[in-house]
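J.: here is my input, please return the structure:
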Amino acid sequence: MDTQSLQAFLAVANNGSFSLAGEQLYLTQPAVSKRIATLEDQIGARLFDRIGRRVSLTEAGQVLLPRAREILVMVDDSRQALANLAGDVRGSLTMATSHHIGLHRLPPILKAYTQAHPEVHMDLRFLDSEQAYQGVLSGDLEMAVVTLAPAPDPRLTVVPVWIDRLRFVCGKEHPLARQDRVALSTLSEHDAVLPGHLTFTRSIVLDTFAQDGLHVNVGLSTNYLETLKMMVTIGLGWSVLPETLIDDEVHILSIEHRPIERPLGYLVHKNRTLSNAARSMLSLLDDAATPKARAL
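T.: Residues are numbered from 1 along each chain as shown. This next block holds a predicted model:
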């Protein structure tokens, strides 16, 4: 099996389309089909069913998929280990970050990095933290800088860099804004606008209420914190926002509860050979870590 055929196989599997796979790989659709046909000949089994415009994995394709990812990661690791011997910081760095961290935490680090290592080509992807976790686990990403999961996958090395304090907020004309002190039970009586389902931040908030036997009425949700802030300012509900996003457009609620905090940091796969480019980025992040984050 050659790596080019495996790359084509993964691209079609991930995109569910030969044409989209071609765009991803900068190949024509016939070239992608030829690579898939070569791979099918080598393993003696059909990998995709083509019914109308729909492309789906066969049973053989489903068996090959995780193994193909492992093979390509292993090949990439071998190349990386050999390239690292030179000690140069060059090549590419594929990393992901969330929109909030990318806008409010990473800029000075990215500026310092690009100035120190101009020969590194950075492929920076803005993803939800949960998607970034999966990208590092699958090998698609070399590293990610995101909101850290309450229970990280044991296959990952997870390092806190910052601690985000989340503050309860509402619009200035919201009924809650007229109260000096607000109990969590009172918040339960009003609609909330929170990050989407299965996000780490939403889990942290819901768990806080659940510990007191309380339920949160979520009226609207979005994964973009800047959009949540807008929803709060126009009175659609209360929410929680990092202190870095809070200004005079929102009202900070005085809550009878300990502060809610979420750790932000980086993650890499324990079994992956990191490039010198990635190691240099991790070094900058370690230097930027706050004392509170280091203590976790």
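
J.: in this structure, what helix or strand scores lowest on average pLDDT?
T.: When each helix and strand of the chain is scored by mean pLDDT, DSSP states H and E, helix 59-84 comes last, with a mean of 82.

J.: name the helices or strands packed onto that one?
T.: helix 3-15 (3 or more C-beta pairs under 8 Å, 6 or more residues apart in numbering; DSSP states H and E). Any C-beta I mention is one placed from the backbone N, CA and C, and that applies to glycine too.

J.: related to what we said a few turns ago, next structured bit after the least confident helix or strand of the chain?
T.: Sequence-wise, the next helix or strand downstream of helix 59-84 (DSSP states H and E) is strand 91-97.

J.: could you list the domains of the protein?
T.: Per automatic domain parsing, the domain ranges recorded for the chain read 3-82, 88-162+263-294, 163-262.

J.: buried residues in the longest strand along the chain?
T.: Longest strand of the chain, by residue count under DSSP state E: strand 156-170. Residues of strand 156-170 classed as buried by neighbour count (16 or more other C-beta atoms under 10 Å): 156-164, 166-170.

J.: before we move on, what about stretch 286-296?
T.: So for stretch 286-296, counting by 16+ other C-beta under 10 Å, buried means Ala289, Ala293.

J.: hmm, who's touching it?
T.: In this structure, residues lying in contact with stretch 286-296 by C-beta atoms under 8 Å, 6 or more residues apart in numbering are Ile109, Val159, Pro160, Val161, Trp162, Ile163, Pro263, Leu264, Gly265.

J.: neighbours around Val250, how many?
T.: 22 (other C-beta atoms under 10 Å).

J.: what separates it from Leu241, distance-wise?
T.: 7 Å (C-beta to C-beta, to the nearest Å).

J.: overlap in contacts of the two?
T.: Shared contacts of Val250 and Leu241, defined by C-beta under 8 Å, 6+ apart, comprise Val169, Lys229, Val232.

J.: including distance to Ala149 and pLDDT, could these go into TSV?
T.: Shown next, in TSV, are the shared contacts of Val250 and Leu241 (distance: C-beta to C-beta, whole Å; pLDDT from 0 to 100):
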residue	distance to Ala149	pLDDT
Val169	24	96
Lys229	24	95
Val232	25	96
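
J.: which of the residues you listed lies closest to Ser188?
T.: Val169 (16.3 Å; C-beta to C-beta).

J.: the closest one: what's it in contact with?
T.: Applying C-beta under 8 Å, 6+ apart to Val169 gives the contacts Lys229, Val232, Trp238, Ser239, Val240, Leu241, Ile246, Val250, His251, Ile252, Leu253.

J.: one more: Pro175?
T.: By C-beta under 8 Å, 6+ apart, the contact list for Pro175 reads His190.

J.: give me phi/psi at it?
T.: The phi/psi pair for Pro175 (degrees, to the nearest 10) reads phi -50, psi -30.

J.: give me the element the residue lying closest to Trp162 once chain neighbours are set aside is part of.
T.: Spatial nearest neighbour of Trp162, excluding adjacent residues (C-beta to C-beta, 6 or more residues apart in numbering): Leu264 at 4.5 Å. If you go by DSSP H and E, Leu264 is part of strand 260-269.
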